[in-house]
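1. got a predicted model here, sequence first, then my questions.
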Amino acid sequence: MSVKTKFIRAMFAMMHLPTCEEVEQFAYDFLEGALDSSTMKVVGRHLKACKNCQRFIAAYRKTASLGKTFQKPSLDPEFKEKLFEFLSHQGGRP
Ligand SMILES: [Zn+2]
């Protein structure tokens, strides 16, 4: 571990911020907004101070959005419900 990394770690510890490794582990949940607000806040603060993690999150976001484009869009649940309702009514008629 370099002196610089040690210094940055000490600084984050002093500010009660997660380390870069922790932020990288949180990346997915952070982008999904799945973290609780206090974790979201400290991760956000770390990101403001850390160029490394800014780059990591940006790259992660790119990969994540690429992955999403390959997923089929799911039906709107409300629309699905209406469709089922419509179909069941149709079937119920003599
Ligand atoms: Zn970092």
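-> Now that the structure is in, tell me what you want to look at. If you're wondering where the values come from, they're calculated on a predicted model, not measured in any experiment.

2. buried residues in stretch 48-60?
-> 50, 53, 56-57, 60 (16 or more other Cβ atoms under 10 Å). Backbone N, C-alpha and C define where each C-beta goes, glycine included.

3. close to the ion, is that stretch?
-> Yes: under the criterion of Cβ under 5 Å from the ion, the ion is reached by stretch 48-60 at 50, 52-53.

4. return the member of the buried residues of stretch 48-60 nearest to Met14.
-> Closest to Met14 out of these is Cys50 (14.1 Å), distances taken as Cβ to Cβ.

5. quick check: closest non-adjacent residue to that closest one.
-> Once flanking residues are discounted, Cys50 sits nearest to Cys20: 6.4 Å by Cβ to Cβ, 6 or more residues apart in numbering.

6. that neighbour against Lys51, yeah?
-> No: the criterion here is Cβ atoms under 8 Å, and Cys20 misses it with Lys51 at 10.6 Å.

7. got CSV for the residues of stretch 48-60 next to the ion, with secondary structure and distance to Ala64 too?
-> Output for the residues of stretch 48-60 next to the ion, formatted as CSV (DSSP: H, G, I helix; E, B strand; the rest coil; distance: Cβ to Cβ, whole Å):
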residue, secondary structure, distance to Ala64
Cys50, coil, 19
Asn52, helix, 18
Cys53, helix, 15
